[in-house]
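Participant: Give me a model of this one.
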Amino acid sequence: MVSKSEFLCVSALLREMKIRECNPREVKMKKYAVILFIAFFHLSAPCVHAQNHLQTGRSLFFANGELSISNAVAARPEFEAAVAQNPSDQSANLFLAITRLIFLLDNTAAYAPGIPIENAKELLDSFGVADTGRDLFDWTAAFPKNPKGNYTVPATCPNGLEIQTFLHSIILPEIVQALQNLSVIDPSFILLINSAETGQPDNIDIDYGDILMFRSVLYATKAFLLVLSSYDLNVDIYRIVDKIDKDLFNANTDLIDQYTEFLKRLDIGGPRMLEARGELVSAIDNYLQASDFIRSEADDQSDDLIALTPEDLQNEADFRNQVAEIKASIQDNREAVLELDNAEGSGRIDFNRIFGNDLSGSPHFREFFPLFDSEGHIHTRTFPDTTFGGILPDCADELSLVEFTPFRLPIVFPVFVKTMVMDGNEDDWQTVFPMLPSYFEYKWSWNWDIEYVKVARDKNHFYWMIKFQSDAVPDCYYYFSLWNEEDVWNKLYIYIWQDSTYQASNWSMNMHYTGTEEDYGFGEIVEGRVPISYIELDGTLGAYVSGYYWNPESYTSYSASVSGSSMLTGTEPSIATAGADRVVVDSVTLQGEAIIPERSITSWQWSLRHTSDPSQHRTATGPNPTINDLTPGYYEVVLTATDDLGQTSTDTLLLAVLGSNEMVTREECDLEVFSEMRKWIGPDEKLGLEEAIRALQVVSGLREED
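Facilitator: So this is what the prediction gives:
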């Protein structure tokens, strides 16, 4: 359709042709000129309009250096109009891609309260995040805290599934659209952001290398969101945060046992993980192309958005090699060999196993959970598989896993309840878990020669031993001390000078300390004893114990100490779990589970004690017994498990029996019980057995609400 302006232009030309006298050939040529003019007008007019929208959008976006979310929101329609007028406009597509992402944080966006979550503003509002300070370029908004300084969330906050749905249905599509915008940009692209726009003294050049880097980040983000949407994350966030605030949260019972599908791969998870695999490869490809482009630039890079200085080249080259290894792992079905700062040399990660593109399927990550204590620490040696299904093939044991991870795992080591014979023989220590060298709490930094430390206790004594990687040698000082709780280290010193008159093969030492400075003694030197590589010590509970030896010739010394720190826990880890509290009708199948992989359970004993009718007490054996014809009311269930080393531990759960045909889902029961439990928090802000029973009684109708 011809616009009014086009019609007027053409009419004027025709009138000119009619008025003037000209030969037929000239008239024919002028007709062609008119046709060409009309065609050019149709082609160029949208470009002119697009440029107008683009320039207006840039003015709104930069606002003379006053970058803000609101400015980006105002500019987005102009960039959309520019792309609509000219889909091949590379600059307009870049700005539209950028504003698409910033637009997600629009704090003025409208929404209908409730599910589904429509935008980021609704998500932040539902978590109680302050409405002010939500500016991407100057973010000060934070989650609310209570008077105790703990983070809190409203009871109306969304659960894990609702957040997953929001990320997959709202955030992910915008990333896809942004990538489509960036796909029209070619290697010839260059964009100048002048100083008037930025409010800074220098101009900024954006070239194709920057676009490739932007695309790499978006592909990686897309892959991450696909991974998040591949696994079950549907947990009640309010319940968990509330329990953490009240010091009631236990990762085993309140997360892992409570949500039996947590971190299992969803049915749709397999296809999504394969899609994530492809997006990650695209992220790597775009990064490598960006690196090549930036490295090949020969002009002055001082005004480029992204540039590599000579000092950066080697580090960036190392990173290129790393991401290329990851790509090879994914595509070639092999481990990636990565240089790791915290590991000796390099370590291997099999990314192919994460994404399951070898047709084995990506793993259910909940299968790899260790056992946590009440403080959220990990009990040593409770990882079901330290290789995580072969993802970390070099981590055959806990020590190698600790050395591999880039952060210190929150592992605690139990103080085993056991009386040790102080005879210089290591046999009685075999069943005691060692503290790993990475977790020694030491006063000196020289602990390289220590293999491990073990601790144990009985009613009267605290036992400690340190094992060196090499045997005791002549002409070295061996020094041990006990420190009191005030960190005063003059309570007891024991110096032992071993010179050439004592042969290493004849030397051993036991020490026993009961509280006074003089009250210590040495074990006898036993003729013919093999060279020792460790020394034992026992002392009062709660003391700080440290030891080192020092070679006066080489001036090297080795030390370690143990104390009541976060590394040590006074309770031994349970060897089995009875599972979470249950609400049933009239029968139950109990769910005992071993939790220390290297130990076998030889005996499962269950005791079900009815809280109001002793005649209804029941017993059972085996890991998963089924018990029928239960009486309505409450059973305190105790599992006593014994392992092949003779260690016995107990775990408990509370069983509520409805005794009717009324059926409810477990989730409904859990929510009702938790809601009622919150009313029975004691003055100490803790929930005891009595309060839990009251809550279950009210929920099941066996008791009137007080």
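Participant: List the residues that contact residue 602.
Facilitator: Going by C-beta atoms under 8 Å, 6 or more residues apart in numbering, residue 602 touches 642, 643, 644. C-beta here means a position set from N, CA and C on the backbone, and glycine is covered the same way.
Participant: If we use 10 Å, what do you get?
Facilitator: 641, 642, 643, 644, 645, 646 (C-beta atoms under 10 Å, 6 or more residues apart in numbering).
Participant: again with residue 219
Facilitator: By C-beta under 10 Å, 6+ apart, the neighbours of residue 219 are 175, 179, 278, 279, 280, 281, 282, 283, 284, 285, 286, 287.
Participant: How many residues are close by the residue lying closest to it once chain neighbours are set aside?
Facilitator: Once flanking residues are discounted, residue 219 sits nearest to residue 283: 3.7 Å by C-beta to C-beta, 6 or more residues apart in numbering. Neighbour count for residue 283, taken as other C-beta atoms under 10 Å: 23.
Participant: Local confidence estimate at residue 283?
Facilitator: pLDDT, residue 283: 96.
Participant: Touching, it and residue 220? I think so.
Facilitator: Yes - the pair residue 283 and residue 220 passes the contact test of C-beta atoms under 10 Å, sitting 3.9 Å apart.
Participant: Show me where the stretch 551-700 of the chain has its strands.
Facilitator: For the stretch 551-700 of the chain, strands defined by DSSP state E, counting those that start in this stretch occupy the ranges 556-562, 568-569, 576-577, 582-584, 588-589, 593-594, 601-610, 618-621, 626-627, 633-643, 648-657.
Participant: I'd like those strands laid out as CSV, including mean pLDDT and distance to residue 413.
Facilitator: Shown next, in CSV, are these (pLDDT from 0 to 100; distance: least, C-beta to C-beta, whole Å):
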stretch, mean pLDDT, distance to residue 413
strand 556-562, 53, 9
strand 568-569, 66, 6
strand 576-577, 84, 20
strand 582-584, 81, 32
strand 588-589, 92, 35
strand 593-594, 84, 20
strand 601-610, 92, 22
strand 618-621, 93, 32
strand 626-627, 92, 37
strand 633-643, 90, 18
strand 648-657, 85, 16
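Participant: Out of the contacts of residue 219, which sit inside helices?
Facilitator: In this view, the contacts of residue 219 that belong to helices under DSSP state H are 175, 179, 278, 279, 280, 281, 282, 283, 284, 285, 286, 287.
Participant: quick revisit: distance to residue 190 added to the strands of the stretch 551-700 of the chain, as JSON lines?
Facilitator: Below are those laid out as JSON lines (distance: least, C-beta to C-beta, whole Å):
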{"stretch": "strand 556-562", "distance to residue 190": "60"}
{"stretch": "strand 568-569", "distance to residue 190": "61"}
{"stretch": "strand 576-577", "distance to residue 190": "62"}
{"stretch": "strand 582-584", "distance to residue 190": "66"}
{"stretch": "strand 588-589", "distance to residue 190": "69"}
{"stretch": "strand 593-594", "distance to residue 190": "62"}
{"stretch": "strand 601-610", "distance to residue 190": "69"}
{"stretch": "strand 618-621", "distance to residue 190": "76"}
{"stretch": "strand 626-627", "distance to residue 190": "73"}
{"stretch": "strand 633-643", "distance to residue 190": "69"}
{"stretch": "strand 648-657", "distance to residue 190": "66"}
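Participant: Tell me which of those lies nearest to residue 350.
Facilitator: Closest approach to residue 350 among the strands of the stretch 551-700 of the chain is made by strand 593-594 (26.9 Å; C-beta to C-beta).
Participant: Buried residues of the helix or strand where residue 314 lies, list them for me.
Facilitator: Residue 314 belongs to helix 313-332 when assigned by DSSP states H and E. Within helix 313-332, the residues that count as buried by 16 or more other C-beta atoms under 10 Å are 320, 322, 323, 325, 326, 327, 328, 329, 330.
Participant: Identify each buried residue in the next helix or strand along the chain from it, please.
Facilitator: For helix 313-332, the following helix or strand on the C-terminal side (DSSP H and E) is strand 336-339. Using 16+ other C-beta under 10 Å as the test for burial, strand 336-339 gives 336, 337, 338.
Participant: Dump the C-alpha coordinates for strand 336-339 into CSV.
Facilitator: C-alpha atoms of strand 336-339 as CSV (Å, rounded to 0.1, in the frame of the first residue of the first chain):
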residue,chain,number,x,y,z
ALA,A,336,38.2,-34.0,31.2
VAL,A,337,41.7,-33.6,32.6
LEU,A,338,41.6,-30.2,34.4
GLU,A,339,44.3,-28.3,36.1
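Participant: same for the helix or strand just after that strand, what does it pack against?
Facilitator: Per DSSP H and E, strand 336-339 leads on to strand 346-349 as the next helix or strand towards the C-terminus. If you count contacts as 3 or more C-beta pairs under 10 Å, 6 or more residues apart in numbering; DSSP states H and E, strand 346-349 packs onto helix 313-332, strand 336-339, helix 398-404.
Participant: Quick check: neighbours of the shortest one in the sheet, parallel or antiparallel?
Facilitator: Within its sheet, and counting by DSSP bridges, strand 336-339 is paired with strand 346-349 (antiparallel).
Participant: which residues are contacting the partner strand?
Facilitator: 325-326, 329, 334-340, 388, 390-395, 400, 403-405.
Participant: for that strand, what is the average pLDDT?
Facilitator: The average pLDDT within strand 346-349 is 83.
Participant: so where's the stretch 201-350 of the chain uncertain?
Facilitator: The stretch 201-350 of the chain contains residues with pLDDT under 70 at 340-346.
Participant: how is this structure carved up into domains?
Facilitator: Following automatic domain parsing, one gets these domains for the chain: 1-103, 416-569, 576-666.
Participant: picking up where we left off before, could I get the helices and strands packed on strand 346-349 as JSON lines with distance to residue 53?
Facilitator: Output for these, formatted as JSON lines (distance: least, C-beta to C-beta, whole Å):
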{"stretch": "helix 313-332", "distance to residue 53": "37"}
{"stretch": "strand 336-339", "distance to residue 53": "46"}
{"stretch": "helix 398-404", "distance to residue 53": "53"}
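Participant: nearest to residue 584, of these?
Facilitator: helix 398-404 (37.2 Å).
Participant: List of residues touching that closest one?
Facilitator: 340, 342-344, 347-349, 370, 378, 380-383, 386-388, 392, 394-395, 408-409, 411, 433-434, 436-439, 452.
Participant: Could you do stretch 104-112 as well?
Facilitator: Outside stretch 104-112, the residues that reach it (C-beta under 10 Å, 6+ apart) are 69-70, 72-73, 76, 103, 117-126, 131-136, 139, 141, 170-171, 174-175.
Participant: And it, end to end?
Facilitator: Using C-alpha to C-alpha, to the nearest Å, the end-to-end distance of stretch 104-112 comes out at 16 Å.
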